[in-house]
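In: let's see this in three dimensions:
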Amino acid sequence: MKLKALYASEFEEHAATMTATRDLLLDPFIRLVGHGVTCIQGGGKILFFGNGGSAADCQHLATELTIRYKQDRQPIAAIALTTDSSALTAGGNDLGFDEIFARQIEALAKPGDLCIGISTSGNSENIIKGLMQAKKTGATPAALGGRGGGQMSVIANPYLVVPSDTTARIQEMHIMIGHMFCDALERELELV
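Out: Presented below is the predicted three-dimensional model:
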């Protein structure tokens, strides 16, 4: 009986979070897609960065763009800053964990690029510093967050804040938003 209750409550919470997310995030989603289109049409690239499960989402979404999402098409320039173990460990060791994304953005981002930080809390110091470096570089500091937005709300724009305090629900919405972003880019760039 306890498993039945868990099963039902998880689906109910997911459905409620999905509905609230749908109702609140249309405008920032449209802005995010617009930045993505402008970035790619201008010869730029999309850089994703996050920690833990969000790091996995970064890798997932960068792959959807560089390889394909729904259709065979031209590649879309994207990279996950979470995949180079040498850069991550050297940065963590030599500069401190809070600098691992800012340093890579300093090295790789150009004006007009789109940098997307992903954090369920909105308070991850290394994500905030990465977004600050993106802005300093002339790239767009965008983000996906949760839990009311946290400190990232000061720097990220556009910022898509999932209206939930539950990590799993926030992550579920992040990957859904990410998939919609990939789909929208394929369509808006007329690559399908």
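In: in this protein, which spans are helices?
Out: 2-24, 26-41, 53-66, 85-94, 100-108, 125-137, 167-188 (DSSP state H).
In: what does the second one contact?
Out: When you say that, I think you mean helix 26-41. The contact list for helix 26-41 (C-beta atoms under 8 Å, 6 or more residues apart in numbering) reads 45-46, 76-77, 112-114, 116, 140, 142, 158-160, 177, 180-181, 184-185, 188-189. For the C-beta atoms, the positions are set from N, CA and C on the backbone; glycine is no exception.
In: residue 189 and residue 183: what is the separation?
Out: Residue 189 is 11 Å from residue 183, where distance means C-beta to C-beta, to the nearest Å.
In: and residue 9, how far is that from residue 15?
Out: Taking C-beta to C-beta, one finds residue 9 at 11 Å from residue 15.
In: and for residue 116?
Out: Distance of residue 116 to residue 15, computed by C-beta to C-beta: 26 Å.
In: neighbour-wise, which of these two wins?
Out: residue 116 (30 against 10; other C-beta atoms under 10 Å).
In: let me know whether that one touches residue 143 as I believe.
Out: Yes: the criterion here is C-beta atoms under 8 Å, and residue 116 meets it with residue 143 at 6.5 Å.
In: counting neighbours, what do you get for residue 5?
Out: When neighbours are counted by other C-beta under 10 Å, residue 5 comes out with 9.
In: start the count at 577, not 1, going forward
Out: Okay, using 577 as the starting number, the last item reads as residue 581.
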